[in-house]
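> sequence below, structure please.
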Amino acid sequence: KARVQKDSAEHKVYEEKLKKGACLLVNGTVNYDTYARENIITPRAISLLKEVPLDDGCDKKRVELHLHTNMSQMDGMTPVSKLIKKAYALGHPAIAITDHGVVHSFPEAAQTRSDIVKGGGDIKVIYGVEAYMIHDDQHPSIIANKKNIRRYHFIILVKNQTGLKNLYKLISISHIDNYHVRPLMTMSNLKQYREGLIYGTACEQGELFDAVVDKKSDEEIAEIAKFYDYLEIQPVGNNRFMLRKDTLMNIKNAERRERLLEKYKDLNTDEDLQNLNRKVVEMGEKLGMPVCATCDVHFMDKEDAIFRAVLMAGQKFDDADNQPPLYYRTTAEMLSEFEYLGSEKAEEVVITNPNKIADMIDVVQVARFPADAALLAHQASVHIVLNIIHEIEQREAARNVPVEDEPHQKPLERTHKAHRGVAQGEHLVSRLLQVFCDELQLHVLLGRVKPHAGVVRDLSNELVTGAPLLIGQRATVDHLDIALLVLALQEHRPVVVAGF
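Residues are numbered from 1 along each chain as shown. All right, here's what the predicted structure looks like:
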């Protein structure tokens, strides 16, 4: 804490120099503040320093294709903006976002890149997800078959705008139709919506690496690999948990404990783990497929492992203190990590191949907050809404109770139902209003996009005459805006977004 006279010369210096992001050297006394309930430094001297730029240690730059932000629930630690800024500071040309099963970090990522571009720089943001894949033939009915569903991690990268739309569809389906412990993506859906997407084999929980650990034949591994676009390997430290048999012995579930002890019984040294990566590289060479080395980033700097340890300890992980090195590495660090493959092959998997994947990907336009709120609502919720409508229709059919006879209708629904003269589209919009009021909880699903409750306008001109559907007339996206977006999608109607 420092006290200076307002409008004094000293105060002006503080105001001009001590800004967010400044690098300071502070000398003072640290005391626990009982009011703030934290340690506070009372400075005696403050010096403004020039920040030393990050050094990537290599003229050629790598691209990270497997990265988790704090939107990977109870797993990732770092906001996406910080990770993108670090990649940009290191000179990396691109960075992928692959949170577990969700795309919540996309708007912040898009805004961060926009800020970098406005400042005269550039970095490509690769949008993606680390999905939970299951095979349909093994699980014909996910809801009925709730036990022993084997799921694999699966990397999806968005190649273009079509791919973005397909990723949103896959995310929606996994959360609405196939949710069991995790949002599950079926192999059939991954095939159906593959256009515009790039598929990678993911980590040790991926199907291909799992097959390598299980010592399956080359033919079996090749059969798995043919569905993917690239193969993935990671630093040995990421998989060192396989060597800790004492930790495995602490697993309470006896069946799982014995299965893993048997699975990892021949893995005892770092050399054994390196050989697993060597096998993946060998298969890539045989099949003519690119192999990409990733960090599987879960926190930004090596020192941040302690924070993830706390998070894991809260979830009762016995090995929480044995954190794998899941930090964002420089190109030089990754080349050093994979030097056991030989310098030429290390450069190929660390630099050449990830850059080839990044070069295949367009600069994809994703909605940003707050300016693109209406666009985000359109992209992220249309498929969700249609699926929920289908579920409600099925439930109503089973009960044989029409929507308009429901006793718990809200004023918004009743007010809208007064527009009896609107024949075309009225039933769909009314149903959507009920969906958002009673089922969707829009403010939860769309985060900062909040419904403008209680607003109803006359839709007769827009619905009957075929005029363009006008949305975004207020600062927030209301129920009718979303309803109209869905209607526009179904009827191929033009949309005018106010203020854009």
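> what separation is there between the spatially closest residue to Gly121 that is not a sequence neighbour and Leu231?
Leaving aside its sequence neighbours, Gly121 sits nearest to Tyr88 (Cβ to Cβ, 6 or more residues apart in numbering; 6.2 Å). C-beta: built from backbone N, CA, C; applies to glycine. Tyr88 is 27 Å from Leu231, where distance means Cβ to Cβ, to the nearest Å.
> ok, now Leu67?
Separation of Leu67 from Leu231 (Cβ to Cβ): 18 Å.
> higher neighbour count, the two?
Leu67 (28 against 25; other Cβ atoms under 10 Å).
> and the more buried one, what's its pLDDT?
The model reports Leu67 with a pLDDT of 98.
> quick one: least confident helix or strand in the chain?
Ranked by mean pLDDT, DSSP states H and E, the helix or strand of the chain with the weakest confidence is helix 442-445, at a mean of 33.
> so where is the chain shaky, pLDDT-wise?
For the chain, the stretches flagged by pLDDT under 70 are 1-5, 138-147, 367-500.
> residue boundaries of the strands in it?
For the chain, the strands defined by DSSP state E cover 23-33, 38-49, 94-100, 124-134, 152-158, 179-180, 182-186, 197-200, 231-233, 291-293, 469-471, 495-497.
> count the neighbours of the residue nearest to Gly121 for me.
When neighbours are counted by other Cβ under 10 Å, Tyr88 registers 19.
> ok, now which ones touch it?
Neighbouring residues of Tyr88 by Cβ atoms under 8 Å, 6 or more residues apart in numbering: 116, 121, 123.
> selecting buried members of those in ChimeraX, what would you type?
Buried members of those, identified by 16 or more other Cβ atoms under 10 Å, are gathered into one ChimeraX selection as follows:
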select :116,123
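> closest one of the contacts of Tyr88 to Asp137?
Ranked by distance to Asp137 (Cβ to Cβ), these are led by Ile123 at 40.8 Å.
> nearest residue to the closest one in space, please, no chain neighbours.
Leaving aside its sequence neighbours, Ile123 sits nearest to Tyr88 (Cβ to Cβ, 6+ apart; 4.6 Å).
> for the spatially most central residue of the chain, which residues are in contact?
Residue closest to the mean C-alpha point of the chain, counted by Cα atoms, centre = their mean, is Asp99 at 3.0 Å. Residues near Asp99 by Cβ under 8 Å, 6+ apart: 68-69, 71-72, 76, 105, 129-130.
> turn these into a markdown table, including distance to Arg182 and neighbour count.
Shown next, in a markdown table, are the contacts of Asp99 (distance: Cβ to Cβ, whole Å; neighbours: other Cβ atoms under 10 Å):
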| residue | distance to Arg182 | neighbour count |
| --- | --- | --- |
| His68 | 14 | 24 |
| Thr69 | 17 | 27 |
| Met71 | 15 | 20 |
| Ser72 | 12 | 21 |
| Gly76 | 15 | 24 |
| Ser105 | 18 | 26 |
| Val129 | 12 | 27 |
| Glu130 | 11 | 26 |
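> any chance of these in TSV with distance to Leu261 as columns?
Output for the contacts of Asp99, formatted as TSV (distance: Cβ to Cβ, whole Å):
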residue	distance to Leu261
His68	28
Thr69	33
Met71	34
Ser72	28
Gly76	29
Ser105	36
Val129	32
Glu130	26
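> name the nearest of those residues relative to Val297.
For these, the nearest to Val297 is His68 (6.2 Å; Cβ to Cβ).
> check the gap between the closest one and Met283 for me.
Counting by Cβ to Cβ - His68 and Met283 are separated by 26 Å.
> next, count neighbours for the nearest residue to Leu25 once chain neighbours are set aside.
The shortest distance from Leu25 to any non-neighbouring residue, by Cβ to Cβ, 6+ apart, is to Ser47 (4.4 Å). Using other Cβ under 10 Å, Ser47 has 9 other residues around it.
> tell me how far the residue nearest to Gln234 when sequence neighbours are not counted lies from Asp33.
Using Cβ to Cβ, 6+ apart and skipping residues adjacent in sequence, the residue nearest Gln234 is Asp296, 5.3 Å away. For Asp296, the distance to Asp33 equals 39 Å [Cβ to Cβ].
> quick one: which of these two has more around it?
For Asp296 versus Asp33, neighbours defined as other Cβ under 10 Å are more numerous around Asp296 (25 against 11).
> the more buried one touches Tyr328, doesn't it?
No - contact status for Asp296 versus Tyr328: not in contact, 10.4 Å apart, counting by Cβ atoms under 8 Å.
> anything in contact with each of the two?
Leu67.
> quick one: the spatially closest residue to Ile40 that is not a sequence neighbour from Thr42, how far?
Excluding its sequence neighbours, the residue lying closest to Ile40 (Cβ to Cβ, 6+ apart) is Asp33, at 4.3 Å. Between Asp33 and Thr42 the distance is 10 Å, computed by Cβ to Cβ.
> overlap of the contact sets of those two?
By Cβ under 8 Å, 6+ apart, no residue touches both Asp33 and Thr42.
> how many neighbours does Ser336 have?
Neighbour number of Ser336 under other Cβ under 10 Å is 13.
> with the one 5 residues further on instead?
Applying the criterion other Cβ under 10 Å, we find 20 residues in the vicinity of Leu341.
> now do the same contact list for the residue nearest to it when sequence neighbours are not counted.
In this structure, Leu341 finds its nearest non-sequential neighbour in Val281, 6.4 Å apart by Cβ to Cβ, 6+ apart. Residues in contact with Val281 (Cβ under 8 Å, 6+ apart) are 233, 291, 341, 345, 349.
> what is the nearest of the residues you listed to Leu243?
Of all the contacts of Val281, Leu243 sits closest to Ile233, with 17.1 Å by Cβ to Cβ.
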